[in-house]
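Asks: Predicted model follows, preceded by the sequence.
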Amino acid sequence: MTNFVEDRHSSDFWHNSDNLHKAAWLWAIFEAERGWHFIDEYLYLKAKKRELTAYDVQVFANFYSVSRTISLHPKEKSARIKKEKMGKLYNGIATLLNKMPEEAPALSIHNELQKIIRQFVGDKSTRTFCAKLVWFFDPDGWMMHDSLSRLGLKMLNNRLSTNKIKDDFQVCFAETFSLQNIQTIEDAIQEAGLQYQFPRRVIDKYLFLIGSSDIEAGSPWICWLNWQIDKKLAQHEPLGINLAFENLAALPHPSI
């Protein structure tokens, strides 16, 4: 078994494509947990209790950088009127989502969300906004996605067409990742000593990483991962992190 905790300090370690592949997945695990404590947990609990407010929706839109995808159409020149209309939109979204029954399928929530947003933005695509927001209502069965994670999925499964991924991401995801893959991620989270329960969010982070940056030695994400590992070692045995690192080899990865 690779001694990741010790070997990661060697420059030669990061010039091995297998090591980079496993490290990218480990980065995704730590990054998903970081995002959970930063804002995801708050939004998830508000969604679960059906207590979202217009302000919560606005915070989501700003934090996830999707506010630009719901710009008003036609454009509103008056700043005051624009603010009022956006307030109505955010409030309408919160009201709709809070009325959704607990058993409502994620796809139904997604479709209803698109309908109300299009009343304000016209025919502009709301794909990314809706896909990300719906995840908070079904994190165990729904995949959030954006243009970068869609590109990442294409890199993993070149048999899928770009249009198919864009139009039917959930099906394309299921064709690429197995239940065993998801179990592998759950096991790695536990082995690394983290308290996190949503492996699909880890996959989203990984797809974002490979779709947005080069998986190569010297990448900034490696420095951040090493910093996270150093912090974790102060409270967790290195054996678990090494085991998690090794088992992540079973997950899909592009050619590096």
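Replies: Happy to help now that I have it.

Asks: Can you list the low-confidence ranges for the stretch 151-256 of the chain?
Replies: Low-confidence regions of the stretch 151-256 of the chain, defined here as pLDDT under 70, cover residues 255-256.

Asks: How about the contacts made by the residue lying farthest from the centre of the chain?
Replies: Here the centre of the chain is the reference, and by Cα atoms, centre = their mean the most remote residue is residue 78, at 34.9 Å. For residue 78, the contact set (Cβ atoms under 8 Å, 6 or more residues apart in numbering) is empty. Every C-beta, even on glycine, is put in place using the N, C-alpha and C of the backbone.

Asks: for residue 103, helix, strand, or coil?
Replies: coil (DSSP: H, G, I helix; E, B strand; the rest coil).

Asks: pLDDT score for it?
Replies: pLDDT, residue 103: 95.

Asks: Tell me how many other residues crowd it.
Replies: By other Cβ atoms under 10 Å, 6 other residues sit near residue 103.

Asks: List phi and psi for it.
Replies: phi -90, psi 0 (degrees, to the nearest 10).

Asks: Mind telling me what element residue 225 is part of?
Replies: Assigned by DSSP states H and E, residue 225 belongs to helix 220-233.

Asks: Report the inter-axis angle for the helix or strand following that helix versus helix 220-233.
Replies: Next along the chain after helix 220-233, taking DSSP H and E as the criterion, comes helix 238-247. Per axes from the mean of the first three to the mean of the last three Cα atoms, to 10 degrees, the angle that helix 238-247 makes with helix 220-233 is 140 degrees.

Asks: what helices or strands is the longest helix seen in the chain leaning on?
Replies: Criterion DSSP state H: the longest helix present in the chain is helix 79-99. Here helix 79-99 touches helix 54-63, helix 106-121, going by 3 or more Cβ pairs under 8 Å, 6 or more residues apart in numbering; DSSP states H and E.

Asks: Just give me the residue closest to the centre of this protein.
Replies: The structure's the chain has its C-alpha centroid closest to residue 204; by Cα atoms, centre = their mean the separation is 3.6 Å.

Asks: quick one: contacts for that one?
Replies: Here residue 204 is in contact with 32, 135, 143-145, 149 (Cβ under 8 Å, 6+ apart).

Asks: re earlier: and the longest helix of the chain, what's buried?
Replies: Judged by neighbour count using 16 or more other Cβ atoms under 10 Å, the buried positions of helix 79-99 are 86, 89-94, 96-97.

Asks: before we move on, what about stretch 35-43?
Replies: Result for stretch 35-43 [16+ other Cβ under 10 Å]: buried residues 35-36, 40, 43.

Asks: try stretch 216-228
Replies: Neighbour-count burial for stretch 216-228 flags 219, 221-222, 225, 228 (criterion: 16+ other Cβ under 10 Å).

Asks: Out of those residues, the closest to residue 103 would be?
Replies: Each of the buried residues of stretch 216-228 was checked against residue 103 using Cβ to Cβ; the closest is residue 228, at 37.2 Å.

Asks: Please name the nearest non-neighbouring residue to the closest one.
Replies: In space, and not counting its chain neighbours, residue 228 is closest to residue 30: 4.5 Å by Cβ to Cβ, 6 or more residues apart in numbering.

Asks: Over to residue 219?
Replies: Distances taken as Cβ to Cβ, 6+ apart place residue 213 nearest to residue 219, at 6.1 Å, with adjacent residues excluded.

Asks: Same question for residue 189.
Replies: Nearest residue to residue 189, sequence neighbours excluded (Cβ to Cβ, 6+ apart): residue 196, at 5.3 Å.

Asks: So residue 205, which state does it fall into?
Replies: Residue 205 - assigned by three-state DSSP - is helix.

Asks: Wait, it touches residue 26, no?
Replies: No: in this structure residue 205 lies outside contact range of residue 26 using Cβ atoms under 8 Å: 10.8 Å.
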